[in-house]
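Trainee: Got a predicted structure plus its sequence, pasted below:
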Amino acid sequence: MSSTATPSSPIRRVAVVGAGTIGASWAALFLAHGLEVVVSDPGEHAEAQTRARVQAAWPVLAELGRVQPGASPDALRFEPDLEAALAGVDFVQENAPEREDFKTDLFARMDAILPPRVIVASSSSGLIMSRLQSRCQHAARFVIGHPFNPPHLIPLVEVVGGDQTSADTIDRSIAFYRSMGKHPIRLNKEVPGHIANRLQAALWREAIHLAAENVASVADIDAAVSQGPGLRWALFGPHMTFNLGGGEGGLAHFMHHLLGPVQTWWDDLGAPDVTPELQRRLIEGVNAEAGHRGIADLVEARDAQLTALLKTLHR
C-alpha cells in the first residue's frame, strides 16, 4: 500500500532501519505517539530484542505522560526485508552501523526505493551527511537527525543537512521531531561529531588526562562532574552557566574578571596518549566505580533517575 502523504501533510508511518538500542528506543517513542512503525533489521535476533526493548521502555514513557490514547507497543511491525519495510512510509529514521561505506551504500539503496518526498534521517553520531548522500539521486531529502541515547528519554536531536540537503527537508525534520516531544537543534554547518559529542569528547579527553596524571581516581573524576557541574548542566548549558556565574553583570562581568584564570586552565589542558596500559587503568577504574552493578543495573538506575529528572524539569 502506498502512502498518500505530501510534503505538507502529517507523518503517519515511520520506518526505523537498524534495530539496535537506538533504533528500538526511537521505535518506542514513535509508537507512543500513535504512529505506524515498522522496524527493519536483518539480524537473526533483531525482532525479539527490539520488541523486548520497546516493552521495557513503555512504562517509563507512560510515567512521563508520553503515551497517546490507543497507542500500544504491540502495534510494532517488524520486517527484515528493507524494500518491504519501506513501502508506504512517510519518514525513515536510520540507525545502521556507524561506518561511512556501509551507510553510503544503504542510502543509495533506500534512495532507489523511496519516493522523493520521503525524508531519510540518519542517527549517525558523527559522520558527514555530504559524504553519505553523495551517491543518491534524490539527495535533497537526506538529513542527520542525531539523538542522544536513549532517544525515548533524552530530548536532544541534532539536525544538520549535507551540501545537497534542501532547506525544506531540514524544516520538516525539525517540525516532526518537535511533534514527537523532542528538542531539535539546527546546525548551521557540518562538523565531525556534530555538537554534543564534540563537547562530550572534549570533557572526556580532560577526564582521561586527569586520570593518567593520577590527579584523582576514575570514580572521583566522574563524581566531580555528576555531583557538581553536571547538575547545573541539566538546567543550563556552559554559556548560560557562566552568565549566571558573573552575577548581576552576567557573562560580560565573568569574562572581564575570570576569563584570564580560565585561559590558564585551557593552556594546561591535556592531550593524553591513550595507551593500552592507560585503557586498562580506566577500565579497572570504572569497574571499581560500578561495584557489583552490571550494565543492565546501571541502565535501569540511569533511566529511573532520568525519568525523575525529566518529570521535575517539565512540571
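Mentor: Ah, there it is. Here the structure is a predicted model, which means the values were calculated and not measured.

Trainee: any weak-confidence spans in this structure?
Mentor: Across the chain, the ranges flagged by pLDDT under 70 are 1-8, 315.

Trainee: measure residue 12 to residue 223 for me?
Mentor: 46 Å (C-beta to C-beta, to the nearest Å). Where C-beta positions appear, they are placed from N, C-alpha and C, glycine not excepted.

Trainee: Check residue 215 too.
Mentor: 13 Å.

Trainee: got it, and residue 25?
Mentor: Residue 25 is 27 Å from residue 223, by C-beta to C-beta.

Trainee: before we move on, what about residue 77?
Mentor: From residue 77 over to residue 223 (counting by C-beta to C-beta), the distance is 44 Å.

Trainee: circling back: residue 25 and residue 223: which is more packed in?
Mentor: residue 25 (25 against 14; other C-beta atoms under 10 Å).

Trainee: List the buried residues for whichever strand or helix holds the more buried one?
Mentor: Using DSSP states H and E, residue 25 falls within helix 21-32. For helix 21-32, the neighbour count (16 or more other C-beta atoms under 10 Å) marks 22-32 as buried.

Trainee: what lines up beside the next helix-or-strand element following that helix in the sheet?
Mentor: Using DSSP H and E, the helix or strand that directly follows helix 21-32 along the chain is strand 36-40. Pairing partners of strand 36-40, with direction, according to DSSP bridges: strand 13-17 (parallel), strand 77-78 (parallel).

Trainee: Please verify my assumption that residue 73 contacts residue 55.
Mentor: Yes. If you go by C-beta atoms under 8 Å, residue 73 and residue 55 touch, sitting 5.4 Å apart.

Trainee: Look at these two and report which has more neighbours.
Mentor: More crowded of residue 73 and residue 55, by other C-beta under 10 Å: residue 73, with 19 against 14.

Trainee: OK, contacts around residue 306?
Mentor: Counting by C-beta atoms under 8 Å, 6 or more residues apart in numbering, residue 306 makes contact with 153-154.

Trainee: Checking my notes, it in a helix, right?
Mentor: Yes. Residue 306 forms part of a helix when assessed by DSSP: H, G, I helix; E, B strand; the rest coil.

Trainee: Tell me how far it lies from residue 9.
Mentor: Distance from residue 306 to residue 9, by C-beta to C-beta: 33 Å.

Trainee: Not counting sequence-adjacent ones, nearest residue to the residue located most distally from the centre of the chain?
Mentor: Relative to the centre of the chain, the most outlying C-alpha is that of residue 257, 36.1 Å out, by C-alpha atoms, centre = their mean. Distances taken as C-beta to C-beta, 6 or more residues apart in numbering place residue 246 nearest to residue 257, at 7.7 Å, with adjacent residues excluded.

Trainee: Going along the chain, name the strands of the chain.
Mentor: 13-17, 36-40, 77-78, 91-94, 119-122, 142-147, 156-161, 183-186 (DSSP state E).

Trainee: want to try TSV for these, with distance to residue 300 and mean neighbour count as columns?
Mentor: As requested, the strands of the chain are arranged in TSV below (distance: least, C-beta to C-beta, whole Å; neighbours: other C-beta atoms under 10 Å):
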stretch	distance to residue 300	mean neighbour count
strand 13-17	23	25
strand 36-40	23	23
strand 77-78	25	16
strand 91-94	25	25
strand 119-122	29	26
strand 142-147	20	26
strand 156-161	22	22
strand 183-186	24	14
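
Trainee: For stretch 45-54, list every residue counted as buried.
Mentor: Going by neighbour count (16+ other C-beta under 10 Å), the buried part of stretch 45-54 is 46-47, 49-51, 53-54.

Trainee: Which two among those residues are spaced furthest apart?
Mentor: Longest distance between any two of the buried residues of stretch 45-54 is 12.2 Å, between 46 and 54; criterion C-beta to C-beta.
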